[in-house]
Each structure stands twice: as structure tokens, then as C-alpha cells.
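>>> coords below, sequence missing:
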């Protein structure tokens, strides 16, 4: 299958150029504290040969990756670790814009990787072009990766790569790369069990896939498991367990977690879908099940803005196949940006502090502006409720399609 149809090549080139320009413009002039902390933690490995377990907030592979690129950029970042606050003092110097560009530059590799993998997952030429455009102009990806400087597009790439190897019928590779994604950030583990249920046709294969998906994570985590502060920061911190916040007390010590109930039901549905013989549907069932899990997570949990990147490739696969759902896609995107108002200036004007710290620091955030006319918390809450309602609807829509197809086959 040709990557670009002859008649679409100019369109692809146009969207690549526009998408890259948008990314390149903002990656050098915006700064968020999370980018500083992640790279500050990684710089200990680059310049001193070790990581501080108590400073890690994510699995080690994330910091290994950042450290690798810091090492690669050393010749063109000579002042990066100078000063009283290594890996932070550079923010006060004239090289700030250049260093911001470098620290975000390798995101482009994985970002573009997702765009080209989407082309491999879609057969129809027009739909492939639409998917490519939706990714290259995706405001969520651009905002979280190049405004915030968050890393989530990298593990998202490995999730999509895992789906690509399912299409190629290389299931061992698929589970290995899913495990690499989880070794960067924990969320791909949500998708591991459904993948095993759908793709593991025998007990031996199920066990093999489980090992391929978890061993990379366990091997990389093992050296730090006993270290002070690591377990609390990376594995059991509240940051990684917000999906347990929505719960009901049944009295005394008895609690029901809403996300876990829904996740369990999704696994049950997945199991019954796996009982059919139509193996050619495995890929579609898996990405749709993965999409349902993400939507259920966002609908029932407090989530950080960068987490919404995880679902964007899957939403794009959905809306290019179902034109009637594109309106709801944009509703989700709009509600997402209203949701970011909860973070006040840290996700609005403060991001532009490299341009003029005092000017942007003194601007009121969108939340504060709204609050002059209407309770901002209420407005954001309404938008958040619409976001959850649309997520529930999309879950229902996907399940309905799967259910009726299943019912039709059994007649």
C-alpha cells in the first residue's frame, strides 16, 4: 500500500508544513514547570551518572529517554547544567529559546510517527488524508506537547505502533511495544488485558503476550523498587490513582470505585466479543475497546490535560470512519480547553513567560476573567459535564455497533 496517493501528495505536503510550522513557532516561546522538573530529574543521569529515585514521578525509561537526548544535545547546550540550580538556571539566560526548542525537538519524531502510522491503519485514501490532517492540526497535541512540553505523545506513539503491528499480524511485536509504552508511562497497562483477551487464542499465547507486555516495565523498574520515595511517587502516588477518586461508600470500610466497575464491565464485554471466529475484526475491536477505556477514564476521573493526548489517535480513527460523530469530536476538544481553565495561569498566560515574564505574569487567567461575569467554577463544571456526557454517548455508540454486529452474525 502506497503511503501517499499521487493525487493527494500536495495535500500531505501542505499539512506537514503547516503542522510543523505551528509546532516550531510555539515550542521555543512557551515554558511550563513540568518540563523543567522532568528534565531537571533526567539531567542527574546525563551529567552525574545517576537518577534520584525520590525525584522521579514517572517510570525510569522516561528519564532515560530525556537523558539520552540531553547527552545528544550536549555540544549545542554547553550552559545547560551551569549555575547554582543546574538544568534550571538556563531559563534566565539568552539561550532560553534555543534550549526550549532542543528539549522539545525530539517530540516531533514521535509526533510525526503517529501521523504516519495512522496512514498505515486506514485503507481508504480520503479517510487517510483526513486522519493525517486531524493529527497535524490537532490543537490538543500541539498544546500539551509544545506549549506545556509534556512527554505523553511519546508513549502514545508506542500504543499506536502496537496497533500497527496487529494489522501486520506480528502480535509478539505488538505486545512488546505496548510494554515499552507502559515503561514510559503507566497508562498503556489499561489496554494490556483487553489485548490479551482479544488476541491470545491459547493459554500459552496469553501468557506469552502478558510477559512481553510486562517484562520491559519490570526489568526497568526493578533497580528502583526498594529506593526511598520511588514507590510512593511513581506507583502509588495520588497523581497515578485519580481514577479511584470517584467512589461510593457502602458503609464502614466498604467502597466501590466507579472506574473499576466500568473497566470490569468493559473486560466482560471484550471477553464475549473474543468468542467469535472472525479474526479479521480483532484490530477494530481492540482499538475501539481501547477508546472506550479512555473515554470511561476521562468521563469518571479527574485527569490532567496531557492525558487527553492518549485518546486522540483513537478518536481520529473513529471520526474518519463515522462522519456523523465529527461534531462530537470537536465538542470534546472545545470542552477540553475549557477544562484547562482549572489550572488558571499555569496553563494560559504563564506559558508565554519566556517572551516577557512580568507582562504575562500580570495578565488575568481565562478563569479569572470569566469569574468577573459568572462563577467560573460553575461554567467549567458545566463544560466538564458536557465532556462526560459526550464521552458516555460515544461509549454507547461504539458498544451498540459492536453489539448489533455480534447479534447479526449469530443469526
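Received, thanks. Owing to the predicted nature of the structure, the values given are computational and were not obtained by experimental measurement. Numbering: from 1, shown residues only.

>>> For the protein, which residues score under the pLDDT cut-off?
For the chain, the stretches flagged by pLDDT under 70 are 1-7, 82-88, 235-239, 276-280, 403-411.

>>> mind redoing it with 80?
1-8, 81-93, 228-229, 231-241, 252, 273-281, 402-411 (pLDDT under 80).

>>> pull the longest helix from it.
If you go by DSSP state H, the chain has its longest helix at helix 376-410.

>>> what's the helix or strand for residue 327?
Using DSSP states H and E, residue 327 maps to helix 326-339.

>>> repeat for residue 265
Assigned by DSSP H and E, residue 265 falls within helix 258-273.

>>> distance of the one residue sitting closest to the centre of the chain from residue 255?
For the chain, residue 310 is the residue whose C-alpha lies nearest the centre (C-alpha atoms, centre = their mean; 2.8 Å). Residue 310 sits 26 Å away from residue 255, going by C-beta to C-beta, to the nearest Å. C-betas here are computed from N, CA, C, even on glycine.

>>> Leaving out sequence neighbours, find the closest residue to residue 393.
Nearest residue to residue 393, sequence neighbours excluded (C-beta to C-beta, 6 or more residues apart in numbering): residue 328, at 6.8 Å.

>>> which ones are touching the one you found?
390, 393-394 (C-beta atoms under 8 Å, 6 or more residues apart in numbering).

>>> what's the answer for residue 317, then?
118, 121-122, 131, 287, 291.

>>> switch the cut-off to 6 Å
Contact partners of residue 317, counting by C-beta atoms under 6 Å, 6 or more residues apart in numbering, are residue 287.

>>> Mind telling me what element it is part of?
Element membership for residue 317, per DSSP H and E: helix 312-321.

>>> relative to helix 376-410, how tilted is that helix?
Following axes from the mean of the first three to the mean of the last three C-alpha atoms, to 10 degrees, one obtains 60 degrees for the angle between helix 312-321 and helix 376-410.

>>> Return the set of buried residues in helix 312-321.
The neighbour-count check on helix 312-321 (16 or more other C-beta atoms under 10 Å) flags 312-320 as buried.

>>> Tell me the secondary structure of residue 31, please.
coil (DSSP: H, G, I helix; E, B strand; the rest coil).

>>> can you give me phi and psi for it?
phi -150, psi 130 (degrees, to the nearest 10).

>>> That one touches residue 352, doesn't it?
No: the criterion here is C-beta atoms under 6 Å, and residue 31 misses it with residue 352 at 8.3 Å.

>>> Which one of those two is surrounded by more residues?
residue 31 (25 against 18; other C-beta atoms under 10 Å).

>>> Can you tell me, leaving aside adjacent residues, what's nearest to the more buried one?
residue 354 (5.2 Å).

>>> quick one, the helix or strand hosting residue 284 and helix 326-339 angle?
Secondary structure from DSSP H and E places residue 284 in helix 282-300. Angle, helix 282-300 to helix 326-339, by the same axes, to 10 degrees: 40 degrees.

>>> List of residues touching helix 282-300?
Applying C-beta under 6 Å, 6+ apart, the contact partners of helix 282-300 are 163, 166-167, 190-191, 194-195, 198-199, 243, 246, 258-259, 262, 266, 270, 273, 310-311, 314, 317, 388, 391-392, 394-395, 398.

>>> and residue 178, how many neighbours?
Neighbours of residue 178 using other C-beta under 10 Å come to 28.

>>> Contact partners for it?
Counted by C-beta under 6 Å, 6+ apart, residue 178 has contacts 162, 188, 213.

>>> now the helix or strand containing it, how far from the chain's geometric center?
Secondary structure from DSSP H and E places residue 178 in helix 171-184. Helix 171-184 sits 15 Å away from the centroid of its parent chain (C-alpha atoms, centre = their mean, to the nearest Å).

>>> Next, the buried residues of the helix or strand just after that helix.
The first helix or strand that comes after helix 171-184 along the chain, using DSSP H and E, is helix 189-199. In terms of neighbour count (16+ other C-beta under 10 Å), helix 189-199 has its buried residues at 190-199.

>>> got it, and stretch 343-358?
By 16+ other C-beta under 10 Å, the buried positions in stretch 343-358 come out as 343-345, 347-353.

>>> I'd like those residues written out as a markdown table, with secondary structure and distance to residue 47 added.
Rendered in a markdown table, the data for the buried residues of stretch 343-358 read as follows (DSSP: H, G, I helix; E, B strand; the rest coil; distance: C-beta to C-beta, whole Å):
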| residue | secondary structure | distance to residue 47 |
| --- | --- | --- |
| 343 | helix | 31 |
| 344 | helix | 34 |
| 345 | helix | 32 |
| 347 | helix | 30 |
| 348 | coil | 33 |
| 349 | helix | 32 |
| 350 | helix | 28 |
| 351 | helix | 27 |
| 352 | helix | 29 |
| 353 | coil | 25 |
